[in-house]
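Participant: Sequence and predicted model, in that order:
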Amino acid sequence: RRRMSVLDRITVVPFEKTNYIDEDTTKSMIFIHHTASSANPFSVVDWWKSTPERVATSFVIGGNPGTSTKWKDGDIIQCFGSSKWAYHLGVTAKHLQIGGTKALSGPELNRRSIGIEICSWGQLTKTDKGFAAYNGIIVPDAQVCTLSVPFKGFKYYQKYTVAQLDTTFQLLRYLGEKWQIPVVYKGDRIFDLCPECAQGEPGIWTHVSCRSDKFDCFPQPELITMLKAL
């Protein structure tokens, strides 16, 4: 029996060409994001489709579906091929100043990178009702990661699930091999603004590597363990 591939976990939800840039580009960077949304990957894709801006990533990884049968924890939705691109980083010249004279332009950083979104509410605040996301949604205690050192001013975040991390691991390995991108853990610098990111250093980064106003991805210990295992 054929071993299940990460490609078997992909459901393609094709974008209109107005939702991304239909241009083949050579990839050298992968950015991991989280959605700051519910576990539903289809909702993320529907939102991107509804907006005029070409903001999206190739891949969205669903979270714990609860009672829904539309997707499974760790399933991947693919919006467009990994050779194409969209404005998933939202970087301006000001964001990229940290790279100095060697910094790439915003469009070029988007053009040469692949984006992976993990469905997660992200940072949480402890309230009388429980752990609340930025919009008041309460996240079950079992899904909360408590950091020993606060990240971006927050001690609590919604965990990336075991299935999400496993899928991300497989997807990173697949994309690294496909595009000859080095998939080695760059260390904790990927969880902070990094000049080398703005300069286009090949490899795996997070959204916070190029934007100080973002929270994705946060240094969940299991995420770091997964990246070190690549």
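Facilitator: Received it, and whenever you're ready, just let me know what you need. Numbering: from 1, shown residues only.

Participant: Low-confidence stretches in this protein?
Facilitator: 1-3 (pLDDT under 70).

Participant: Strands of the protein, residue ranges please.
Facilitator: Counting by DSSP state E, the segments of the chain that form strands are 10-12, 29-34, 59-61, 76-78, 113-118, 123-127, 130-132, 138-139, 144-151, 154-158, 203-206.

Participant: by contact count, what packs against the third one?
Facilitator: Counting contacts by 3 or more Cβ pairs under 8 Å, 6 or more residues apart in numbering; DSSP states H and E, strand 59-61 is packed against helix 41-50, strand 76-78, strand 113-118, helix 162-179. Using the backbone N, CA and C atoms, a C-beta is placed for each residue, glycine as well.

Participant: Run me through the strand neighbours of that strand, direction for each.
Facilitator: The pairing partners recorded for strand 59-61 under DSSP bridges are strand 76-78 (antiparallel), strand 113-118 (parallel).

Participant: so how far is the longest one from its chain's centroid?
Facilitator: If I follow you right, that is strand 113-118. Its chain's C-alpha centre and that of strand 113-118 lie 5 Å apart, by Cα atoms, centre = their mean, to the nearest Å.

Participant: Centre-most residue in the chain?
Facilitator: The centroid of the chain falls nearest to His33 when counting by Cα atoms, centre = their mean (2.1 Å).

Participant: which residues touch that residue?
Facilitator: The neighbourhood of His33, defined by Cβ atoms under 8 Å, 6 or more residues apart in numbering, consists of 57, 88, 115-118, 206-207, 216-217.

Participant: quick revisit: quick one: which of the strands paired with strand 59-61 is nearest Lys186?
Facilitator: Each of those has some distance to Lys186 by Cβ to Cβ; the shortest is strand 113-118, at 14.3 Å.

Participant: Show which residues not belonging to that closest one make contact with it.
Facilitator: 27-35, 41, 44, 56-61, 63, 82, 85-86, 88-89, 160, 164, 168, 171-172, 175, 179, 205, 216-217.

Participant: Assess the claim that Ser68 and Ser38 are in contact.
Facilitator: No - using Cβ atoms under 8 Å, Ser68 is not in contact with Ser38, being 9.9 Å away.
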